[in-house]
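Q: how does the following fold in three dimensions:
(2 chains)
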Amino acid sequence: MPCWEFLDYITEQHENPVLNWYGTLTPQAKADFDALILALSETEDWDEPKKKKYKELERKHKGLCQLMLKVEGRNLRPLGLLRREQRQFIFLGGCEKHPFWTVPSAAFDKALKLKEQLDQGKGATRAHV
Amino acid sequence: MTKERGRPVRTFSTVWTKLRENGAAYRKAFVGSQVKRLIPFQIYALRKMRGWSQEELADRSGLTQGVISRAEDPDYGNMTFNTVISIAGGFDVAFIGKFVPFRELDDYLVGLSEKSAGSIPSFAEDNQRVVQLVAERQAGLESLIVPQQFNPAATEGEANERQKVFSFPKVFAGIGQPLLQSPVQALRGEPAQCSSQR
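A: Numbering: from 1, shown residues only, chains lettered A, B, ... in the order given. Prediction:
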């Protein structure tokens, strides 16, 4: 039985942001993303070994958590909500991160808005596949 | 808000579906991703299960702590076979690298956990189990063998058949044909018989 549970947030308009983003990835990026989720789902302590697998954001995007993935020289950041007590990660989207912008644009702001909707009880979650 | 309790990420259907639907390029990339991620995962799990530091594993492997640290980093991506073999030696376990059908990879992933990845016995532990198993089977074999004198009315063929039933418990399963070898034969180093030869 996995240690951690991954869920997708589904908007009230029945959109799955992370799945939409996943669909834009190259086969290599998809494979690396899937491999990361598989490994994280079975890793008891995400802080061990001491390798950056995730980062809980502060300041402007406080409340969001990004997973860290480097694929073919690009920094990919699946975004979501980390619920430590429930050992859940709820995907809210994803992006390719550059120093001063993301692809798609404003990905972190959009994810934060989805988090607010989730917190208000809007939309739904379902198991990540 | 409706919520569906998440089921495990890995099931036969989810992994297999991805392998099937995302095409050959994805499958190739997936194999690479798994190798790069699962070997570090298992190294860490094995070390953690044994309660060793990276330094201790490095000493046992004839490597440096820095090499072990990189070996446990799934993003490193440059680990060599020589390093893997050295680390296997440090754990005193075997490492097999072979081509397999995707079904085997899927089976492996479905059963994957830190516990399963780390629960690989060293040779010393494994050898203890083998010796115990052979001793148990030998004890079981000796209690089952019926001396020919027990039924003097039995023909030689009947006695031989009885001997075969009790003397050749299935021990190994070969490819296609089960190999039948008693623990006593195993101890003596006698060759196993293919079932078709019996």
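
Q: CA atoms for contacts and neighbours, from now on please.
A: Fine.

Q: how many residues are close by B:K18?
A: Neighbour count for B:K18, taken as other Cα atoms under 10 Å in any protein chain shown: 17.

Q: next: B:V35.
A: Count around B:V35 with other Cα under 10 Å applied: 15.

Q: can you point out the buried residues in the helix or strand containing it?
A: Applying DSSP states H and E as the criterion places B:V35 in helix B:23-50. Using 16 or more other Cα atoms under 10 Å in any protein chain shown as the test for burial, helix B:23-50 gives B:26-27, B:29-34, B:36-48.

Q: would that helix count as contacting chain A?
A: Yes - using Cα under 8 Å from any Cα of the partner chain, helix B:23-50 reaches chain A at B:25-27, B:29-30, B:33-34, B:37-38, B:41, B:44.

Q: interface residues of chain A facing chain B?
A: A:1-2, A:5-7, A:27-28, A:30-32, A:34-39, A:41-44, A:49, A:51, A:70, A:121-129.

Q: among those residues, name the ones in strands.
A: A:5-7, A:70, A:124-127 (DSSP state E).

Q: which of these are buried?
A: Here, 16+ other Cα under 10 Å leaves A:5-7, A:124-127 buried among these.

Q: can you lay out the residues you listed as TSV showing pLDDT?
A: Shown next, in TSV, are those (pLDDT from 0 to 100):
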residue	pLDDT
A:E5	93
A:F6	95
A:L7	96
A:A124	95
A:T125	96
A:R126	94
A:A127	92
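
Q: which two from those residues end up farthest apart in space?
A: By the measure Cα to Cα, A:E5 and A:A124 form the most distant pair in those, at 15.4 Å.

Q: show the buried residues in the residues of chain A next to chain B.
A: Here, 16+ other Cα under 10 Å leaves A:2, A:5-7, A:27-28, A:30-32, A:34-39, A:41-44, A:49, A:122-129 buried among these.

Q: helix or strand for B:E55, which one?
A: helix B:54-61.

Q: contacts for that helix, please.
A: Contacts with helix B:54-61, where a contact means Cα atoms under 8 Å, 6 or more residues apart in numbering or on different chains, come from B:47, B:64-65, B:67-69, B:86-91.

Q: now the residues of helix B:23-50 next to chain A in CSV, please, with extra columns for pLDDT.
A: Output for these, formatted as CSV (pLDDT from 0 to 100):
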residue, pLDDT
B:A25, 95
B:Y26, 95
B:R27, 94
B:A29, 94
B:F30, 93
B:S33, 90
B:Q34, 88
B:R37, 85
B:L38, 85
B:F41, 87
B:Y44, 92
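
Q: what's the closest of those to A:E15?
A: B:Y26 (24.2 Å).

Q: so who does the closest one touch?
A: A:27-28, A:30-31, B:19.

Q: nearest to B:Q132, of these?
A: Nearest member of these to B:Q132, counting by Cα to Cα, is B:L19, at 41.8 Å.

Q: check which helix or strand covers the closest one.
A: helix B:12-21.

Q: let me see the ranges of the helices in the chain.
A: Because you didn't say which chain, this covers chain A. A:17-22, A:27-41, A:107-119 (DSSP state H).

Q: not quite, go with chain B.
A: Ranges of helices within chain B are B:12-21, B:23-50, B:54-61, B:65-71, B:81-91, B:102-110, B:114-118, B:123-144, B:156-167, B:183-188, based on DSSP H.

Q: on contacts alone, who are the packing partners of the fourth one?
A: Which is helix B:65-71. Judged by 3 or more Cα pairs under 8 Å, 6 or more residues apart in numbering or on different chains; DSSP states H and E, helix B:65-71 is in contact with helix B:54-61.

Q: how about a cut-off of 10 Å?
A: helix B:23-50, helix B:54-61, helix B:81-91 (3 or more Cα pairs under 10 Å, 6 or more residues apart in numbering or on different chains; DSSP states H and E).

Q: low-confidence stretches in chain A?
A: A:1, A:49-51 (pLDDT under 70).

Q: got the contact list for the residue nearest to B:F30 when sequence neighbours are not counted?
A: Leaving aside its chain neighbours, B:F30 sits nearest to A:A31 (4.6 Å; criterion: Cα to Cα, 6 or more residues apart in numbering or on different chains). The neighbours of A:A31, taking Cα atoms under 10 Å, 6 or more residues apart in numbering or on different chains as the test, are A:25, A:37, A:71, B:18-19, B:22, B:25-34.

Q: can the contacts of B:Y26 go into TSV with extra columns for distance to A:G94?
A: Listed next are these as TSV, based on distance: Cα to Cα, whole Å:
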residue	distance to A:G94
A:P27	16
A:Q28	16
A:K30	12
A:A31	15
B:L19	22
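
Q: A:F108: which of these is nearest?
A: Checking these one by one against A:F108 (Cα to Cα), the nearest turns out to be A:K30, at 20.1 Å.

Q: what sits against the closest one?
A: A:22-24, A:36, A:71, B:18, B:22, B:26, B:29-30, B:33.
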